[in-house]
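In: Next one to model:
(one chain, ligands or ions: 1)
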Amino acid sequence: MDIRKSVRAQYLKFLDREPNLDDLDYYSNELETNRIELNDLILILRNSNESKELLKHQKIPELETCSIDTYNDIRIKGKIISSGYRNSEKRYNEIFKFCKKFNRPISVLDLGAAEGYFTFRLSEDFSGVFIAVESNPERKLLELCIKNDNRKVLLLDKQMNLKNLKNLKEVQHFDVVLALNIIHHFDEPFQDVLDTLVSMSSFCFLEHPNPLENKSTKNSQRLETEKLNLGSFDPILLTKNKSGLGNSFNQKLERNLWLLQNLQSKTIDRGWRGASKYDEEFGPGNHISIKSNFDKIDIDYGLRDEKRTWIQGIDLRTFLENNGVYPTNNEIINLIDNLKIENAKDLGPHNLILNGARLFVIDQDDKFDDVNTKEKLKDFLKQSGLL
Ligand SMILES: C[S@@+](CC[C@H](N)C(=O)[O-])C[C@H]1O[C@@H](n2cnc3c(N)ncnc32)[C@H](O)[C@@H]1O
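Out: Sure thing, here's the model as predicted:
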């Protein structure tokens with residue numbers, strides 16, 4: 001792995017944050033000139049007060065009880081090539097029926113996508129952008145993405161925590177979030193995870209274990225004490241499905257599939273993770289409001305006089321910061337090389353929206369930025385350890 005990338009990876013692992021550029025420069029240089037080895041860097045980060053503080057608040061990981069048996073059917077180019085232990089078709093039919101209501105391309109985030117069944121099926125049936133998030137290499141989702149070769153699909157190879165989700169919410173909005181059997185995997189309060197997922201979406205499909213399920217279900221003891229309150233999301237019960245897990249009693253217990261709606265205002269709060277919030281920069285009421293329905297998406301800049309069309313996708317910075325691995329790094333470099341742009345002013349990666357097949361440039365009317373050519377963009381991404 002490239003040195004800058006591996007320094008960045010250690011920061012994410014031990015400090016749960018991006019390195020600042022000075023530190024990235026410093027440690028990359030120390031490693032390059034053999035003044036330290038990677039193990040030394042790991043020790044430095046692990047022994048730092050910041051890391052110790054973080055560890056104090058981290059729960060000891062529970063024994064991993066989620067079976068790594070194939071969860072969903074494995075699907076390649078429209079064909080099921082092997083079956084998973086959950087019935088996915090019945091759940092997909094409900095999601096399909098609902099998504100049919102959209103008369104426009106849609107964006108979908110599939111958190112904890114496992115073998116990608118829902119992402120792949122939606123990308124076969126709808127236009128738009130379909131982003132799977134899955135970190136377990138045993139699911140082989142990158143390999144499945146490559147085999148499916150569907151340019152509408154993106155993959156973030158990332159174990160999300162609540163903070164990561166909150167960061168994502170501040171910069172992105174999705175028409176649909178799939179939160180299927182994922183919230184109980186989080187260490188943080190289930191309700192906070194659900195609230196954050198609903199807040200970044202217009203609609204959220206939720207499937208959550210039955211509170212009666214036993215130890216074969218991850219975090220089963222918390223299911224009793226942390227019941228989810230769905231009242232503020234206008235919940236509609238779509239169907240019930242057997243858990244399929246554990247002994248015969250547990251297997252028959254049913255999980256509800258809910259459709260939830262975000263009834264609060266839908267906002268984008270900052271330009272990218274490290275930028276100040278629009279409200280702070282331009283005054284209260286200046287965040288971006290998303291006004292979307294089944295026919296169109298309008299964006300409202302509050303008190304600022306700005307109009308622009310919404311482009312479905314995820315900005316390149318957020319994609320790479322969340323370990324976007326599909327499209328692959330090489331494909332991203334090709335997309336940058338093939339960008340058609342004259343007189344670019346600011347090619348910061350948050351100004352490029354990725355939809356899998358293309359990058360779209362936004363926000364070229366304001367200030368000049370140091371990063372204003374394709375070459376400088378690639379250098380910047382390499383310098384930041386993102387490419
Ligand atoms: C029980 S499976 C659910 C699969 C699929 N969503 C479904 O319902 O058919 C949960 C998946 O989420 C992944 N996962 C768990 N916690 C995660 C996290 N914090 N971020 C991303 N993926 C996660 C696991 O690796 C696993 O593949």
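In: mind listing what the nearest residue to residue 168 once chain neighbours are set aside touches?
Out: Leaving aside its sequence neighbours, residue 168 sits nearest to residue 200 (CB to CB, 6 or more residues apart in numbering; 6.3 Å). All C-beta spots, glycine's among them, are computed from the backbone N, C-alpha and C. In this structure, residue 200 makes contact with 109, 165, 168-169, 172-174, 177, judged by CB atoms under 8 Å, 6 or more residues apart in numbering.
In: again with residue 308
Out: When contacts are counted by CB under 8 Å, 6+ apart, residue 308 touches 299, 362.
In: Residues of the chain that sit close to the ligand?
Out: Taking CB under 6 Å from any ligand atom as the criterion, the neighbours of the ligand within the chain are 66, 71-72, 86, 88, 112-114, 133-136, 139, 159-160, 180-182, 185-186, 207.
In: Can you flag the buried ones in those residues?
Out: Applying a neighbour-count criterion of 16 or more other CB atoms under 10 Å, the buried members of the residues of the chain next to the ligand are 66, 71-72, 86, 88, 112-114, 133-134, 139, 160, 180-182, 185-186, 207.
In: now the strands: where do they sit in the stretch 201-350 of the chain?
Out: 201-208, 236-242, 254-261, 267-268, 288-292, 297-300, 314-315, 324-326 (DSSP state E, counting those that start in this stretch).
In: okay, the ones you listed in CSV with mean pLDDT next?
Out: Conversion of these to CSV gives the following (pLDDT from 0 to 100):
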stretch, mean pLDDT
strand 201-208, 98
strand 236-242, 97
strand 254-261, 98
strand 267-268, 94
strand 288-292, 93
strand 297-300, 91
strand 314-315, 97
strand 324-326, 98
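In: Would you mind saying which of those lies nearest residue 29?
Out: Of all the strands of the stretch 201-350 of the chain, it is strand 324-326 that lies closest to residue 29, at 26.6 Å by CB to CB.
In: Name the residues that touch the closest one?
Out: The contact list for strand 324-326, computed with CB under 8 Å, 6+ apart, reads 142, 145-146, 153-157, 314, 332, 354.
In: for residue 354, which residues make a bridge with it?
Out: The residues listed as beta-bridge partners of residue 354 by DSSP bridges are residue 314, residue 359.
In: What pLDDT does the model give it?
Out: At residue 354 the predicted local distance difference test score is 97.
In: number of nearby residues for it?
Out: The tally of other residues near residue 354 (other CB atoms under 10 Å) stands at 25.
In: Could you find the closest non-adjacent residue to residue 199?
Out: Ranked by CB to CB, 6+ apart and with sequence neighbours excluded, the top spatial neighbour of residue 199 is residue 169, at 5.5 Å.
In: In contact with the residue sitting nearest the centre point of the chain, which residues are there?
Out: With distances taken as CA atoms, centre = their mean, the chain has residue 133 as the residue nearest its mean C-alpha position (5.4 Å). Shown here is residue 133, whose contacts under the criterion CB under 8 Å, 6+ apart are 109-113, 155-156, 158, 160, 322.
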